[in-house]
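Engineer: fold the following for me, if possible:
(one chain, ligands or ions: 1)
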Amino acid sequence: MMHNLALTQATGLEEIAVTSPFDGTLVGTVVETCAASVDALLERARRGAQIARTLPRHKRSAILETAAAAIEASREEFALLIAKEAGKTITQARKETIRCVNTLKLSADEAKRNAGEVIPFDAYAGSESRQGWYTREPLGIIAAITPYNDPLNLVAHKLGPAIAGGNAVLLKPSEFTPLSAVKLVEVMIESGLPEEIITVAIGGPELGKALVAARDVRMISFTGGFATGEAIAKTAGLKKLAMDLGGNAPVVVMENCNFDAAVEACVSGGFWAAGQNCIGTQRILIQRPIYQQFKAKFVADTKKLKTGNPLDADTDVGPLISEKAVSRAIAMVERALAAGATLLCGHKPAGNLYPPTVLEDVPISCDVWGEEVFAPIVILQPFDGLADAIGLANGPDYSLHAAIFTNELEAALETASKIEAGGVMVNDSSDYRFDAMPFGGFKYGSMGREGVRFAYEDMTQPKVVCINRLKP
Ligand SMILES: NC(=O)c1ccc[n+]([C@@H]2O[C@H](COP(=O)([O-])OP(=O)(O)OC[C@H]3O[C@@H](n4cnc5c(N)ncnc54)[C@H](O)[C@@H]3O)[C@@H](O)[C@H]2O)c1
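Structural biologist: Numbering: from 1, shown residues only. This is a model prediction of the structure:
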(Lines give C-alpha, C1' and ligand atoms only; values in the text may rest on other atoms or scores of the structure.)
Protein backbone atom coordinates (compact mmCIF):
# COMPACT_ATOMS: atom_id res chain seq x y z
CA MET A 1 0.00 0.00 0.00
CA MET A 2 1.37 3.41 -0.94
CA HIS A 3 0.00 6.50 0.74
CA ASN A 4 0.91 9.80 -0.78
CA LEU A 5 -1.65 12.46 0.18
CA ALA A 6 0.16 14.61 -2.35
CA LEU A 7 -1.51 17.83 -1.33
CA THR A 8 -0.69 17.52 2.31
CA GLN A 9 2.97 16.66 2.14
CA ALA A 10 4.12 19.72 0.29
CA THR A 11 7.68 18.84 -0.57
CA GLY A 12 8.00 15.22 0.42
CA LEU A 13 11.23 13.58 -0.63
CA GLU A 14 12.12 10.18 0.70
CA GLU A 15 9.79 7.24 1.01
CA ILE A 16 9.52 5.81 4.54
CA ALA A 17 8.93 2.06 4.71
CA VAL A 18 6.53 1.15 7.51
CA THR A 19 7.29 -2.36 8.72
CA SER A 20 5.61 -4.80 11.08
CA PRO A 21 7.20 -4.81 14.55
CA PHE A 22 6.38 -8.54 14.69
CA ASP A 23 8.28 -9.86 11.66
CA GLY A 24 9.70 -6.84 9.83
CA THR A 25 7.52 -7.31 6.74
CA LEU A 26 6.62 -4.23 4.74
CA VAL A 27 3.19 -2.86 5.68
CA GLY A 28 3.23 0.20 3.43
CA THR A 29 5.16 3.30 2.47
CA VAL A 30 4.63 7.01 3.00
CA VAL A 31 6.45 10.01 1.63
CA GLU A 32 8.54 11.74 4.27
CA THR A 33 8.03 15.47 4.81
CA CYS A 34 11.33 17.30 5.05
CA ALA A 35 11.63 19.77 7.90
CA ALA A 36 12.60 22.49 5.39
CA SER A 37 9.10 22.38 3.90
CA VAL A 38 7.45 23.56 7.11
CA ASP A 39 6.85 27.06 5.68
CA ALA A 40 4.83 25.52 2.83
CA LEU A 41 2.90 23.38 5.30
CA LEU A 42 2.14 26.45 7.40
CA GLU A 43 0.97 28.42 4.38
CA ARG A 44 -1.49 25.63 3.64
CA ALA A 45 -2.55 25.39 7.29
CA ARG A 46 -3.21 29.17 7.40
CA ARG A 47 -5.61 28.78 4.46
CA GLY A 48 -7.09 25.79 6.27
CA ALA A 49 -7.66 27.90 9.40
CA GLN A 50 -9.58 30.53 7.38
CA ILE A 51 -11.77 27.85 5.80
CA ALA A 52 -12.31 25.98 9.07
CA ARG A 53 -13.47 28.98 11.07
CA THR A 54 -16.21 29.81 8.55
CA LEU A 55 -17.44 26.24 8.22
CA PRO A 56 -20.87 26.21 9.91
CA ARG A 57 -21.22 23.97 12.92
CA HIS A 58 -23.79 21.73 11.22
CA LYS A 59 -21.26 21.04 8.44
CA ARG A 60 -18.41 20.27 10.86
CA SER A 61 -20.77 17.92 12.68
CA ALA A 62 -22.04 16.24 9.51
CA ILE A 63 -18.47 15.63 8.24
CA LEU A 64 -17.48 14.02 11.54
CA GLU A 65 -20.64 11.86 11.55
CA THR A 66 -20.00 10.78 7.95
CA ALA A 67 -16.37 9.93 8.75
CA ALA A 68 -17.46 7.89 11.79
CA ALA A 69 -19.91 5.91 9.64
CA ALA A 70 -17.26 5.34 6.95
CA ILE A 71 -14.75 4.02 9.48
CA GLU A 72 -17.37 1.76 10.98
CA ALA A 73 -18.13 0.41 7.51
CA SER A 74 -14.46 -0.37 6.82
CA ARG A 75 -13.57 -1.26 10.41
CA GLU A 76 -11.86 -4.52 9.50
CA GLU A 77 -9.46 -2.73 7.15
CA PHE A 78 -8.58 -0.22 9.86
CA ALA A 79 -8.13 -2.96 12.45
CA LEU A 80 -5.79 -4.91 10.17
CA LEU A 81 -3.71 -1.82 9.51
CA ILE A 82 -3.37 -1.09 13.25
CA ALA A 83 -2.43 -4.71 13.98
CA LYS A 84 0.14 -4.74 11.18
CA GLU A 85 1.87 -1.42 11.79
CA ALA A 86 1.60 -1.16 15.60
CA GLY A 87 1.68 -4.88 16.45
CA LYS A 88 -1.50 -4.70 18.54
CA THR A 89 -3.43 -7.96 18.53
CA ILE A 90 -6.22 -8.01 15.99
CA THR A 91 -8.82 -8.24 18.79
CA GLN A 92 -7.41 -5.14 20.46
CA ALA A 93 -7.10 -3.34 17.12
CA ARG A 94 -10.82 -3.98 16.44
CA LYS A 95 -11.67 -2.41 19.81
CA GLU A 96 -9.52 0.62 19.02
CA THR A 97 -11.32 1.08 15.70
CA ILE A 98 -14.73 1.10 17.36
CA ARG A 99 -13.46 3.57 19.95
CA CYS A 100 -12.32 5.83 17.11
CA VAL A 101 -15.85 5.72 15.63
CA ASN A 102 -17.23 6.81 19.01
CA THR A 103 -14.63 9.57 19.41
CA LEU A 104 -15.68 11.05 16.08
CA LYS A 105 -19.39 10.75 16.96
CA LEU A 106 -18.78 12.51 20.28
CA SER A 107 -16.91 15.23 18.39
CA ALA A 108 -19.84 15.61 15.97
CA ASP A 109 -22.14 16.17 18.96
CA GLU A 110 -19.77 18.65 20.56
CA ALA A 111 -19.62 20.78 17.41
CA LYS A 112 -23.33 21.50 17.79
CA ARG A 113 -23.62 21.52 21.58
CA ASN A 114 -20.88 23.63 23.05
CA ALA A 115 -21.06 27.03 21.31
CA GLY A 116 -20.97 29.35 24.33
CA GLU A 117 -23.16 30.72 27.08
CA VAL A 118 -25.16 33.72 28.20
CA ILE A 119 -23.33 35.77 30.85
CA PRO A 120 -25.54 36.51 33.89
CA PHE A 121 -24.80 40.24 34.14
CA ASP A 122 -27.66 40.70 36.60
CA ALA A 123 -26.11 38.28 39.11
CA TYR A 124 -24.41 41.19 40.91
CA ALA A 125 -25.65 44.75 41.37
CA GLY A 126 -24.24 47.37 39.03
CA SER A 127 -24.26 45.53 35.68
CA GLU A 128 -28.00 45.14 35.13
CA SER A 129 -27.98 47.42 32.11
CA ARG A 130 -25.73 45.04 30.23
CA GLN A 131 -26.50 41.90 28.31
CA GLY A 132 -24.13 39.56 26.63
CA TRP A 133 -22.73 36.17 25.96
CA TYR A 134 -19.52 34.41 25.09
CA THR A 135 -18.93 32.26 22.07
CA ARG A 136 -16.36 29.48 21.69
CA GLU A 137 -14.01 30.58 18.90
CA PRO A 138 -11.34 28.49 17.18
CA LEU A 139 -7.68 28.97 18.11
CA GLY A 140 -6.43 28.75 14.49
CA ILE A 141 -3.73 26.20 13.73
CA ILE A 142 -3.27 23.32 16.16
CA ALA A 143 -0.22 21.06 15.87
CA ALA A 144 -1.23 17.50 16.81
CA ILE A 145 1.68 15.16 17.60
CA THR A 146 0.81 11.56 18.37
CA PRO A 147 2.49 8.32 19.59
CA TYR A 148 2.56 4.83 18.12
CA ASN A 149 0.60 2.80 20.60
CA ASP A 150 -3.02 3.76 19.68
CA PRO A 151 -2.27 4.97 16.16
CA LEU A 152 -5.89 5.60 15.18
CA ASN A 153 -7.94 6.60 18.20
CA LEU A 154 -5.36 8.95 19.68
CA VAL A 155 -5.25 10.78 16.35
CA ALA A 156 -9.06 10.94 16.34
CA HIS A 157 -8.93 12.41 19.87
CA LYS A 158 -7.10 15.40 18.41
CA LEU A 159 -8.67 15.73 14.95
CA GLY A 160 -12.29 15.31 16.16
CA PRO A 161 -12.38 18.10 18.79
CA ALA A 162 -10.12 20.38 16.71
CA ILE A 163 -12.43 20.16 13.69
CA ALA A 164 -15.54 20.45 15.88
CA GLY A 165 -14.07 23.69 17.25
CA GLY A 166 -13.38 25.17 13.79
CA ASN A 167 -9.59 24.80 13.77
CA ALA A 168 -7.04 23.70 11.19
CA VAL A 169 -4.68 20.88 12.17
CA LEU A 170 -1.04 20.22 11.40
CA LEU A 171 -0.86 16.51 12.15
CA LYS A 172 2.37 14.65 12.76
CA PRO A 173 1.66 11.03 13.60
CA SER A 174 4.31 8.69 14.97
CA GLU A 175 6.93 7.80 12.36
CA PHE A 176 6.42 4.14 13.40
CA THR A 177 2.69 4.10 12.66
CA PRO A 178 1.69 6.79 10.15
CA LEU A 179 -0.55 4.60 7.97
CA SER A 180 -3.63 4.46 10.21
CA ALA A 181 -3.48 8.24 10.65
CA VAL A 182 -3.16 8.87 6.90
CA LYS A 183 -6.08 6.54 6.22
CA LEU A 184 -8.16 8.39 8.82
CA VAL A 185 -7.37 11.73 7.14
CA GLU A 186 -8.30 10.28 3.75
CA VAL A 187 -11.68 9.24 5.17
CA MET A 188 -12.22 12.72 6.62
CA ILE A 189 -11.57 14.29 3.22
CA GLU A 190 -13.81 11.77 1.46
CA SER A 191 -16.45 12.68 4.05
CA GLY A 192 -16.43 16.29 2.88
CA LEU A 193 -13.74 17.96 4.98
CA PRO A 194 -12.10 20.75 2.94
CA GLU A 195 -8.65 19.28 2.51
CA GLU A 196 -6.65 22.32 3.67
CA ILE A 197 -8.14 21.87 7.15
CA ILE A 198 -5.76 18.99 7.87
CA THR A 199 -2.13 19.09 6.80
CA VAL A 200 -0.25 15.87 7.42
CA ALA A 201 3.49 15.93 8.08
CA ILE A 202 5.27 12.59 8.08
CA GLY A 203 8.54 12.22 9.95
CA GLY A 204 10.27 12.02 13.29
CA PRO A 205 11.56 14.31 16.05
CA GLU A 206 13.23 16.91 13.76
CA LEU A 207 10.03 17.53 11.86
CA GLY A 208 8.05 17.59 15.12
CA LYS A 209 10.44 20.19 16.49
CA ALA A 210 10.02 22.42 13.43
CA LEU A 211 6.21 22.31 13.78
CA VAL A 212 6.39 23.07 17.49
CA ALA A 213 8.66 26.06 16.84
CA ALA A 214 6.42 27.60 14.15
CA ARG A 215 5.12 30.98 15.30
CA ASP A 216 1.65 30.61 13.70
CA VAL A 217 0.85 27.43 15.58
CA ARG A 218 -1.45 28.44 18.44
CA MET A 219 -1.59 25.18 20.36
CA ILE A 220 0.37 21.96 20.57
CA SER A 221 -1.71 18.95 21.44
CA PHE A 222 0.84 16.29 22.29
CA THR A 223 0.55 12.67 23.37
CA GLY A 224 3.78 10.82 24.06
CA GLY A 225 6.61 10.37 26.53
CA PHE A 226 7.90 12.71 29.25
CA ALA A 227 11.26 13.41 27.62
CA THR A 228 9.54 14.44 24.40
CA GLY A 229 7.03 16.52 26.35
CA GLU A 230 9.87 18.36 28.08
CA ALA A 231 11.63 19.00 24.75
CA ILE A 232 8.39 20.35 23.26
CA ALA A 233 7.77 22.64 26.22
CA LYS A 234 11.26 24.12 25.79
CA THR A 235 10.81 24.75 22.06
CA ALA A 236 7.20 25.91 22.06
CA GLY A 237 7.50 29.42 23.50
CA LEU A 238 4.18 31.13 24.21
CA LYS A 239 1.83 28.51 22.84
CA LYS A 240 -0.95 26.68 24.54
CA LEU A 241 0.16 23.16 25.48
CA ALA A 242 -1.89 20.04 26.06
CA MET A 243 0.35 17.24 27.31
CA ASP A 244 -0.88 13.67 27.58
CA LEU A 245 2.16 11.87 28.92
CA GLY A 246 2.99 8.60 30.63
CA GLY A 247 1.76 6.76 33.71
CA ASN A 248 2.61 3.79 35.93
CA ALA A 249 -0.79 2.84 37.25
CA PRO A 250 -1.13 1.39 40.75
CA VAL A 251 -3.96 -1.04 41.52
CA VAL A 252 -4.98 -1.67 45.15
CA VAL A 253 -6.44 -5.13 45.82
CA MET A 254 -8.24 -5.42 49.19
CA GLU A 255 -8.80 -8.75 50.91
CA ASN A 256 -12.59 -8.28 50.79
CA CYS A 257 -12.77 -7.87 46.99
CA ASN A 258 -14.24 -10.10 44.29
CA PHE A 259 -11.00 -12.07 43.98
CA ASP A 260 -11.44 -13.68 40.56
CA ALA A 261 -12.65 -10.44 38.97
CA ALA A 262 -9.65 -8.58 40.44
CA VAL A 263 -7.14 -11.11 39.08
CA GLU A 264 -8.75 -11.13 35.66
CA ALA A 265 -8.78 -7.32 35.42
CA CYS A 266 -5.16 -7.07 36.61
CA VAL A 267 -3.95 -9.62 34.04
CA SER A 268 -5.78 -7.79 31.28
CA GLY A 269 -4.70 -4.34 32.50
CA GLY A 270 -1.07 -5.37 32.87
CA PHE A 271 -0.58 -7.03 29.51
CA TRP A 272 -3.06 -5.30 27.14
CA ALA A 273 -1.19 -4.12 24.05
CA ALA A 274 1.92 -5.81 25.48
CA GLY A 275 1.93 -3.21 28.26
CA GLN A 276 2.30 -0.37 25.73
CA ASN A 277 -0.57 1.47 27.32
CA CYS A 278 -0.25 4.69 29.30
CA ILE A 279 -2.90 3.51 31.82
CA GLY A 280 -1.71 -0.12 31.88
CA THR A 281 -1.48 -1.77 35.31
CA GLN A 282 2.14 -1.58 36.47
CA ARG A 283 2.12 -1.91 40.27
CA ILE A 284 -0.38 -4.22 42.02
CA LEU A 285 -0.62 -3.57 45.76
CA ILE A 286 -2.24 -6.54 47.49
CA GLN A 287 -3.49 -6.70 51.08
CA ARG A 288 -1.22 -9.10 52.93
CA PRO A 289 -3.75 -11.81 53.96
CA ILE A 290 -4.49 -12.60 50.29
CA TYR A 291 -1.04 -11.86 48.85
CA GLN A 292 0.09 -15.48 48.33
CA GLN A 293 -3.26 -16.56 46.93
CA PHE A 294 -3.33 -13.57 44.54
CA LYS A 295 0.26 -14.14 43.46
CA ALA A 296 -0.40 -17.83 42.69
CA LYS A 297 -3.44 -17.15 40.52
CA PHE A 298 -2.03 -14.02 38.88
CA VAL A 299 1.18 -15.78 37.83
CA ALA A 300 -0.70 -18.92 36.70
CA ASP A 301 -3.13 -16.86 34.58
CA THR A 302 -0.30 -14.74 33.18
CA LYS A 303 1.53 -17.87 32.06
CA LYS A 304 -1.57 -18.90 30.07
CA LEU A 305 -1.35 -15.78 27.86
CA LYS A 306 -0.21 -16.54 24.34
CA THR A 307 2.51 -14.27 23.00
CA GLY A 308 2.92 -14.22 19.23
CA ASN A 309 1.68 -13.02 15.86
CA PRO A 310 -0.76 -10.14 16.40
CA LEU A 311 -2.80 -11.27 13.40
CA ASP A 312 -3.62 -14.66 14.95
CA ALA A 313 -7.03 -14.60 16.59
CA ASP A 314 -5.79 -16.42 19.72
CA THR A 315 -2.77 -14.18 20.41
CA ASP A 316 -3.03 -12.25 23.67
CA VAL A 317 0.28 -10.37 23.62
CA GLY A 318 1.93 -9.02 20.47
CA PRO A 319 5.39 -7.53 19.99
CA LEU A 320 6.93 -4.38 21.39
CA ILE A 321 7.30 -1.64 18.80
CA SER A 322 11.08 -1.93 18.31
CA GLU A 323 14.30 -3.62 19.37
CA LYS A 324 15.08 -0.50 21.37
CA ALA A 325 11.87 -0.92 23.37
CA VAL A 326 12.77 -4.56 24.10
CA SER A 327 16.28 -3.61 25.24
CA ARG A 328 14.83 -0.95 27.52
CA ALA A 329 12.43 -3.47 29.12
CA ILE A 330 15.24 -6.00 29.61
CA ALA A 331 17.50 -3.38 31.19
CA MET A 332 14.81 -2.21 33.62
CA VAL A 333 14.13 -5.77 34.79
CA GLU A 334 17.86 -6.58 35.07
CA ARG A 335 18.41 -3.50 37.23
CA ALA A 336 15.50 -4.54 39.48
CA LEU A 337 16.85 -8.11 39.77
CA ALA A 338 20.30 -6.77 40.63
CA ALA A 339 18.69 -4.63 43.35
CA GLY A 340 17.06 -7.70 44.96
CA ALA A 341 13.78 -8.21 43.07
CA THR A 342 12.46 -11.72 42.38
CA LEU A 343 11.36 -12.84 38.92
CA LEU A 344 8.09 -14.83 38.99
CA CYS A 345 7.68 -15.40 35.25
CA GLY A 346 8.59 -14.05 31.80
CA HIS A 347 11.69 -12.06 30.85
CA LYS A 348 12.72 -14.35 27.97
CA PRO A 349 12.52 -12.22 24.82
CA ALA A 350 12.40 -13.58 21.27
CA GLY A 351 12.90 -10.82 18.72
CA ASN A 352 10.47 -8.03 19.53
CA LEU A 353 8.28 -10.40 21.54
CA TYR A 354 8.82 -9.79 25.23
CA PRO A 355 6.65 -12.17 27.29
CA PRO A 356 4.45 -11.06 30.19
CA THR A 357 6.83 -10.63 33.12
CA VAL A 358 5.98 -10.51 36.82
CA LEU A 359 8.26 -9.31 39.62
CA GLU A 360 8.04 -9.11 43.40
CA ASP A 361 10.29 -7.74 46.18
CA VAL A 362 11.09 -4.73 43.98
CA PRO A 363 12.81 -1.93 45.95
CA ILE A 364 10.88 1.28 45.39
CA SER A 365 14.10 3.00 44.39
CA CYS A 366 14.12 0.95 41.14
CA ASP A 367 13.06 2.66 37.91
CA VAL A 368 10.73 -0.26 37.15
CA TRP A 369 8.75 0.92 40.20
CA GLY A 370 8.92 4.68 39.85
CA GLU A 371 9.01 5.21 36.08
CA GLU A 372 6.73 4.11 33.28
CA VAL A 373 7.76 0.67 31.94
CA PHE A 374 5.58 0.72 28.77
CA ALA A 375 6.20 -3.01 28.37
CA PRO A 376 4.46 -6.14 29.74
CA ILE A 377 6.05 -5.94 33.19
CA VAL A 378 3.99 -6.01 36.39
CA ILE A 379 5.14 -5.70 40.01
CA LEU A 380 3.36 -7.40 42.94
CA GLN A 381 3.68 -5.76 46.36
CA PRO A 382 1.95 -6.64 49.67
CA PHE A 383 0.56 -3.99 52.04
CA ASP A 384 -1.09 -3.95 55.47
CA GLY A 385 -3.42 -0.96 55.95
CA LEU A 386 -5.15 1.08 53.26
CA ALA A 387 -3.13 4.16 54.23
CA ASP A 388 0.09 2.24 53.38
CA ALA A 389 -1.34 1.27 49.99
CA ILE A 390 -2.32 4.85 49.20
CA GLY A 391 1.16 6.04 50.25
CA LEU A 392 2.81 3.48 47.95
CA ALA A 393 0.42 4.30 45.11
CA ASN A 394 1.17 8.02 45.39
CA GLY A 395 4.96 7.62 45.48
CA PRO A 396 5.89 8.42 41.86
CA ASP A 397 5.85 12.01 40.67
CA TYR A 398 3.30 11.45 37.94
CA SER A 399 0.13 9.45 37.52
CA LEU A 400 -2.67 9.03 35.04
CA HIS A 401 -4.98 6.30 36.32
CA ALA A 402 -5.25 4.11 39.42
CA ALA A 403 -7.70 1.41 40.52
CA ILE A 404 -9.00 -0.32 43.63
CA PHE A 405 -10.75 -3.67 44.02
CA THR A 406 -12.89 -3.84 47.16
CA ASN A 407 -16.41 -4.64 48.33
CA GLU A 408 -16.20 -1.94 51.01
CA LEU A 409 -17.72 1.37 50.03
CA GLU A 410 -15.68 3.34 52.57
CA ALA A 411 -12.36 1.94 51.24
CA ALA A 412 -13.39 2.76 47.68
CA LEU A 413 -14.34 6.34 48.58
CA GLU A 414 -11.22 6.85 50.72
CA THR A 415 -9.00 5.66 47.88
CA ALA A 416 -10.85 7.67 45.25
CA SER A 417 -10.38 10.77 47.38
CA LYS A 418 -6.73 10.27 48.40
CA ILE A 419 -5.07 8.76 45.35
CA GLU A 420 -3.51 11.48 43.24
CA ALA A 421 -4.42 10.48 39.71
CA GLY A 422 -6.48 11.79 36.81
CA GLY A 423 -8.87 8.84 37.19
CA VAL A 424 -9.58 6.21 39.86
CA MET A 425 -11.39 3.07 38.72
CA VAL A 426 -13.33 1.12 41.35
CA ASN A 427 -13.65 -2.62 40.68
CA ASP A 428 -12.36 -2.12 37.17
CA SER A 429 -9.02 -2.30 35.44
CA SER A 430 -6.76 0.74 35.67
CA ASP A 431 -6.90 0.87 31.88
CA TYR A 432 -10.63 1.36 31.61
CA ARG A 433 -11.27 4.48 29.56
CA PHE A 434 -14.48 5.77 28.03
CA ASP A 435 -13.79 8.38 25.40
CA ALA A 436 -16.18 10.97 26.84
CA MET A 437 -14.33 10.99 30.22
CA PRO A 438 -11.91 13.84 30.98
CA PHE A 439 -8.56 12.13 30.52
CA GLY A 440 -5.18 13.29 31.74
CA GLY A 441 -2.65 13.09 34.53
CA PHE A 442 -1.93 14.62 37.92
CA LYS A 443 1.39 16.00 39.13
CA TYR A 444 4.46 16.50 36.90
CA GLY A 445 3.75 17.35 33.28
CA SER A 446 -0.03 17.39 33.48
CA MET A 447 -1.50 20.04 31.17
CA GLY A 448 -4.95 19.96 29.64
CA ARG A 449 -7.35 17.08 29.29
CA GLU A 450 -8.48 14.84 26.46
CA GLY A 451 -11.92 13.27 26.30
CA VAL A 452 -13.85 14.99 23.58
CA ARG A 453 -15.64 17.78 25.44
CA PHE A 454 -12.53 18.67 27.42
CA ALA A 455 -10.18 18.71 24.43
CA TYR A 456 -12.75 20.79 22.54
CA GLU A 457 -12.73 23.33 25.36
CA ASP A 458 -8.91 23.39 25.35
CA MET A 459 -8.99 23.87 21.58
CA THR A 460 -11.40 26.82 21.58
CA GLN A 461 -11.28 30.23 23.23
CA PRO A 462 -14.12 32.27 24.69
CA LYS A 463 -15.00 35.59 23.06
CA VAL A 464 -17.25 37.91 25.04
CA VAL A 465 -19.86 40.16 23.45
CA CYS A 466 -21.20 42.72 25.93
CA ILE A 467 -24.00 45.20 25.11
CA ASN A 468 -24.77 48.18 27.29
CA ARG A 469 -28.44 48.96 26.66
CA LEU A 470 -28.43 52.36 28.38
CA LYS A 471 -25.69 53.97 26.31
CA PRO A 472 -26.87 55.91 23.21
N1 LIG B 1 -1.49 10.11 28.27
C2 LIG B 1 -1.89 9.59 27.13
O3 LIG B 1 -3.00 9.82 26.65
C4 LIG B 1 -0.97 8.67 26.37
C5 LIG B 1 -1.52 7.80 25.46
C6 LIG B 1 -0.67 6.97 24.73
C7 LIG B 1 0.69 7.04 24.90
N8 LIG B 1 1.19 7.90 25.82
C9 LIG B 1 2.62 7.94 26.06
O10 LIG B 1 3.35 7.90 24.82
C11 LIG B 1 4.61 7.25 25.02
C12 LIG B 1 4.85 6.21 23.95
O13 LIG B 1 4.75 6.74 22.69
P14 LIG B 1 6.04 7.13 21.79
O15 LIG B 1 7.16 6.23 22.12
O16 LIG B 1 5.54 7.23 20.40
O17 LIG B 1 6.32 8.58 22.38
P18 LIG B 1 7.42 9.65 21.90
O19 LIG B 1 7.40 10.73 22.92
O20 LIG B 1 8.70 8.98 21.60
O21 LIG B 1 6.87 10.18 20.48
C22 LIG B 1 5.60 10.78 20.38
C23 LIG B 1 5.57 11.70 19.16
O24 LIG B 1 6.44 12.81 19.40
C25 LIG B 1 7.29 13.01 18.26
N26 LIG B 1 8.52 13.66 18.71
C27 LIG B 1 9.65 13.10 19.19
N28 LIG B 1 10.54 14.06 19.56
C29 LIG B 1 9.96 15.25 19.29
C30 LIG B 1 10.36 16.62 19.46
N31 LIG B 1 11.55 16.94 19.98
N32 LIG B 1 9.51 17.60 19.10
C33 LIG B 1 8.29 17.29 18.61
N34 LIG B 1 7.85 16.03 18.41
C35 LIG B 1 8.67 15.01 18.76
C36 LIG B 1 7.46 11.60 17.72
O37 LIG B 1 7.92 11.63 16.40
C38 LIG B 1 6.04 11.05 17.88
O39 LIG B 1 5.20 11.49 16.82
C40 LIG B 1 4.52 6.64 26.41
O41 LIG B 1 5.24 7.42 27.32
C42 LIG B 1 3.04 6.68 26.73
O43 LIG B 1 2.72 6.71 28.09
C44 LIG B 1 0.39 8.72 26.56
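
Engineer: tell me who's in contact with the spatially closest residue to E414 that is not a sequence neighbour.
Structural biologist: Setting aside the residues directly before and after it, E414 is nearest to L386 in space (Cβ to Cβ, 6 or more residues apart in numbering), at 6.3 Å. For every residue, glycine as well, the C-beta is placed using N, CA and C. With contact taken as Cβ atoms under 8 Å, 6 or more residues apart in numbering, L386 is in contact with V252, M254, A411, E414, T415.

Engineer: per-residue pLDDT of L386, please?
Structural biologist: Note on L386: pLDDT of 97.

Engineer: and Q9, by the same measure?
Structural biologist: You'll see Q9 listed with a pLDDT of 48.

Engineer: so how far is the ligand from the residue nearest to E414?
Structural biologist: To the ligand, L386 is 27 Å away according to Cβ to the nearest ligand atom, to the nearest Å.

Engineer: now M425
Structural biologist: 15 Å.

Engineer: and that residue, what are its phi and psi?
Structural biologist: With angles defined as degrees, to the nearest 10, M425 sits at phi -90, psi 130.

Engineer: so what pairs up with it in the strands?
Structural biologist: Using DSSP bridges, the bridge partners assigned to M425 are A403.

Engineer: from here on, call the first residue 456.
Structural biologist: Got it, the first residue is 456 from now on, which makes the last one we talked about M880.

Engineer: pretty sure it is in contact with Y887, am I right?
Structural biologist: Yes - at 5.1 Å, M880 and Y887 qualify as touching, with contact defined as Cβ atoms under 8 Å.

Engineer: higher neighbour count, those two?
Structural biologist: M880 (22 against 16; other Cβ atoms under 10 Å).

Engineer: pull the contacting residues for the more buried one.
Structural biologist: With contacts defined as Cβ under 8 Å, 6+ apart, the neighbours of M880 are H856, A857, A858, I859, Y887.

Engineer: ok, the residue in the stretch 556-705 of the chain that the ligand sits nearest to - contacts?
Structural biologist: Taking Cβ to the nearest ligand atom, the ligand has its nearest neighbour within the stretch 556-705 of the chain at G663, 2.3 Å off. By Cβ under 8 Å, 6+ apart, G663 lies in contact with I600, K627, T683, I687.

Engineer: out of those residues, who's the most crowded?
Structural biologist: Neighbour tally across those (other Cβ under 10 Å): the maximum, 27 neighbours, falls on K627.

Engineer: can you pull out the strands in the stretch 556-705 of the chain?
Structural biologist: 571-573, 585-593, 596-600, 623-627, 653-655, 672-678, 695-699, 704-708 (DSSP state E, counting those that start in this stretch).

Engineer: for the stretch 706-855 of the chain, which segments count as helices?
Structural biologist: 714-726, 746-758, 778-793, 822-825, 841-848 (DSSP state H, counting those that start in this stretch).

Engineer: so what does the longest one touch, helix or strand wise?
Structural biologist: Just to be clear, that refers to helix 778-793. With contacts defined as 3 or more Cβ pairs under 8 Å, 6 or more residues apart in numbering; DSSP states H and E, the packing partners of helix 778-793 are strand 812-815, helix 822-825, strand 832-838.

Engineer: ok, and what's touching that helix?
Structural biologist: 731, 775, 796, 798, 802, 804, 806-807, 809, 812, 814, 817-818, 821-824, 826, 828-832.

Engineer: and that helix, how far out from the chain's middle?
Structural biologist: Put simply, helix 778-793 sits 24 Å off its chain's centre (Cα atoms, centre = their mean, to the nearest Å).

Engineer: ok, longest helix in this protein?
Structural biologist: Counting by DSSP state H, the longest helix found in the chain is helix 545-568.

Engineer: buried set for it?
Structural biologist: Under the neighbour-count criterion of 16 or more other Cβ atoms under 10 Å, helix 545-568 has 545, 547-549, 551-552, 554-566 buried.

Engineer: near the ligand at all, it?
Structural biologist: No - no part of helix 545-568 sits near the ligand under the criterion Cβ under 6 Å from any ligand atom; the closest distance found is 11.4 Å.

Engineer: mean confidence score for that helix?
Structural biologist: Mean predicted lDDT for helix 545-568 stands at 98.

Engineer: get me the contact residues on the stretch 556-705 of the chain for the ligand.
Structural biologist: Contact residues (Cβ under 6 Å from any ligand atom) of the stretch 556-705 of the chain with the ligand: 600-605, 609, 627, 629-630, 659-660, 663-664, 667, 678-680, 683, 686-687, 699-701.

Engineer: how far out from the middle of the chain is stretch 835-843?
Structural biologist: The answer for stretch 835-843 is 29 Å, by Cα atoms, centre = their mean.

Engineer: helix/strand/coil for the residue nearest to S723 when sequence neighbours are not counted?
Structural biologist: Distances taken as Cβ to Cβ, 6+ apart put S884 closest to S723, at 5.7 Å, once the chain neighbours are dropped. Classification of S884 using DSSP: H, G, I helix; E, B strand; the rest coil returns coil.

Engineer: out of the residues of the stretch 556-705 of the chain next to the ligand, which sit inside helices?
Structural biologist: Those of those mapping onto helices are L609, P660, G663, K664, V667, T683, A686, I687, per DSSP H.
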